[in-house]
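Trainee: The sequence and its predicted three-dimensional model are supplied below.
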Number of protein chains: 2
Amino acid sequence: MSIDIAELLPLNRCGTCPIRHRALCSVADDKALKALNQISRRTRFEAGQTIMSEEAPVDFVGNVVSGVVKLTKITPDGREQIVGLLFPSDFVGRTFADSSAFSAEAATDVELCCLQKPGFERILADHRDLEHKLLIDTLDELDAAREWMLLLGCKTAAEKIASFLLMLVRRAFNTGCGQDPPPNQLVFELPVSRADMAGYLGMAVETVSRQLSQLKADGVIRLVDVQHFLVKDLGRLAEIAGQEPPVYVEDAEFETRRY
Amino acid sequence: MSIDIAELLPLNRCGTCPIRHRALCSVADDKALKALNQISRRTRFEAGQTIMSEEAPVDFVGNVVSGVVKLTKITPDGREQIVGLLFPSDFVGRTFADSSAFSAEAATDVELCCLQKPGFERILADHRDLEHKLLIDTLDELDAAREWMLLLGCKTAAEKIASFLLMLVRRAFNTGCGQDPPPNQLVFELPVSRADMAGYLGMAVETVSRQLSQLKADGVIRLVDVQHFLVKDLGRLAEIAGQEPPVYVEDAEFETRRY
DNA sequence: CGACATGTTGAACCTCATCAACCGACGTGG
DNA sequence: CCACGTCGGTTGATGAGGTTCAACATGTCG
């Protein structure tokens, strides 16, 4: 009785994938996983590279494995709004349509698990669980988008920045996956440039910078370096953002709620 | 050989339903339709009434049959942002979760086709087509939400108003359903109050009023009465909104794209 | 080391929110 | 029937918050 290594290989590939337990594939059984493997390819994009462009048809979708992807839309006269930031395990692209209404661009260096669209849609058809999970994720994404509308529509600059930082804190809390130590040192990464923060929050870079300085001056945070901040007063930060302070959950593996 | 009238009744009820061809049920076969009928109830809400409130669990979802529903979220200090306007055939409520993150309120008098949540989710499980359609609709909704983020994030007051009017024009163009004459008279309804427009567009009522007056002064529109406007220059309107002008489609029955 | 990108800080301007007065429509009660 | 209050909408005056323009600082890469 022998074991067919080739048969197991694809499963192992996914087995070591960092987003295996959170992305769409978390609900895939062995059969579905093998099918996904056959149409998937890990691709790297450098910061600044365009992954897919609005108006141009795209023949693949994907999952963010590492890095941050920004979804953007540009007004006819050139202003750019970031309508979504996608983090590891998030889904990129528009299923069941030829093109996306938005461009996707690598905000940092990005690894993407790319899936050919026709193949992917066939797999969705064959595996209800996957399609169901996609529906759930899309509903969460919609809630998150609407939450962001609240921010864009009626929050002040200070509230916006605080909300953004808080979102990063929440993300860090919820993706600990047990392998990282609990963040008693409350240092977090600012994964994107000031310009991208500005684009996401609907304000000017200068205002972003000023508000960060203000939070620093008020002793709410400290800027370790340009890409890392330390939270000195989480309560105050949450208060400024107009939200409840987040709580660290020990094992956040299955904490899928989005912020 | 006799016909069981009771058997046919539910189908007839839906048969005369104005949103039968556009809502979720458009993909329901007779069997699914009968199942939906058994858990559905047409309910009326008066303008201003709360349909469901964030934080409070809700045991039903629904489809807007007539009227306009606003989805709102309130900041801790009382500012209200409207994160979505739902028109006839749009879906209300959050499937696969106990409560919605947003409140739904009748912006006008509303007729809602209410469906008990547990029953509805069972029907989704039994009828893939329905769940698939829900996925497609949710994806469209997400695109629309992101489109709105562009508006909230980087458009001026004038652009916002123009975009809003244009959205109403598009809706009217796309839901003609052949029964209404093509709108050679370009008169459209403002289905919500100035306050709700303001809440949706993220600006003050006064600004809404002023911008409407400005469009009037510029000869782009005319205010027939407080709830109806006539478009005198569609091209200009689209230009101000920063979009392509919409085109009237003869038979828009299956035009499901959202704006 | 200089060149270029990215981030910060300062000053002037402008859009829009805010406060306030006013108008017309509507409903109620005297 | 008219006086009255209320509510939704419009218009005017004022000021604050945030954009814009500009200079400067910092960091990175050849």
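Mentor: Great, that's in hand. Everything quoted here is computed from the prediction, not taken from an experiment. Residues are numbered from 1 along each chain as shown, chains lettered A, B, ... in the order given.
Trainee: Report the mean confidence score over stretch A:74-94.
Mentor: Mean per-residue pLDDT for stretch A:74-94: 94.
Trainee: actually stretch A:223-240, not the one I typed
Mentor: On average, stretch A:223-240 scores 95.
Trainee: Is there proximity between that stretch and DNA strand D?
Mentor: Yes: using C-beta under 7 Å from any atom of the strand, stretch A:223-240 reaches DNA strand D at A:V226. Every residue, glycine included, has its C-beta placed from N, CA and C.
Trainee: Could you tell me the end-to-end distance of that stretch?
Mentor: End-to-end distance for stretch A:223-240, by C-alpha to C-alpha, to the nearest Å: 18 Å.
Trainee: swap in stretch A:210-229?
Mentor: End-to-end span of stretch A:210-229 (C-alpha to C-alpha): 15 Å.
Trainee: and that stretch, anywhere near DNA strand C?
Mentor: Yes: taking C-beta under 7 Å from any atom of the strand as the criterion, stretch A:210-229 and DNA strand C are in contact, through A:210, A:212-213, A:223, A:226.
Trainee: ranking those by neighbours, who comes first?
Mentor: In terms of neighbours by other C-beta atoms under 10 Å in any protein chain shown, these top out with A:L212 at 20 neighbours.
Trainee: I'd like the distance between A:L124 and DNA strand D.
Mentor: Counting by C-beta to the nearest atom of the strand, to the nearest Å, the gap from A:L124 to DNA strand D is 40 Å.
Trainee: check contacts around the closest residue to that residue other than its chain neighbours.
Mentor: The shortest distance from A:L124 to any non-neighbouring residue, by C-beta to C-beta, 6 or more residues apart in numbering or on different chains, is to A:E131 (4.5 Å). A:E131 is in contact with A:124-125, B:131-132, B:135, counting by C-beta atoms under 8 Å, 6 or more residues apart in numbering or on different chains.
Trainee: Quickly name whichever of the residues you listed is closest to A:L85.
Mentor: The nearest member of those to A:L85, counting by C-beta to C-beta, is B:L135 at 22.7 Å.
Trainee: returning to that earlier point: narrow the residues of stretch A:210-229 next to DNA strand C to those in strands?
Mentor: Judged by DSSP state E, those include A:L223 as members of strands.
Trainee: Any chance of CSV for the residues of stretch A:210-229 next to DNA strand C, columns distance to A:S53?
Mentor: Listed next are the residues of stretch A:210-229 next to DNA strand C as CSV, based on distance: C-beta to C-beta, whole Å:
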residue, distance to A:S53
A:R210, 33
A:L212, 31
A:S213, 35
A:L223, 34
A:V226, 29
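Trainee: Out of the residues of stretch A:210-229 next to DNA strand C, list just those in helices.
Mentor: Here DSSP state H is the test, and the residues of stretch A:210-229 next to DNA strand C give A:210, A:212-213 as lying in helices.
Trainee: List just the nearest of those residues to DNA strand D.
Mentor: Taking C-beta to the nearest atom of the strand as the measure, A:R210 is the one of those closest to DNA strand D, at 6.7 Å.
Trainee: what's the closest non-adjacent residue to the closest one?
Mentor: The shortest distance from A:R210 to any non-neighbouring residue, by C-beta to C-beta, 6+ apart, is to A:A157 (7.9 Å).
Trainee: right, and that neighbour touches A:S209 too?
Mentor: No: assessed by C-beta atoms under 8 Å, A:A157 is found out of contact with A:S209, at 10.9 Å.
Trainee: In contact with A:L142, which residues?
Mentor: Per C-beta under 8 Å, 6+ apart, neighbours of A:L142: B:138, B:141-142, B:145.
Trainee: Report pLDDT for it.
Mentor: Here, the pLDDT recorded for A:L142 equals 98.
Trainee: can you pull out the strands in the stretch 151-259 of chain A?
Mentor: For the stretch 151-259 of chain A, the strands defined by DSSP state E, counting those that start in this stretch occupy A:187-189, A:221-225, A:228-231.
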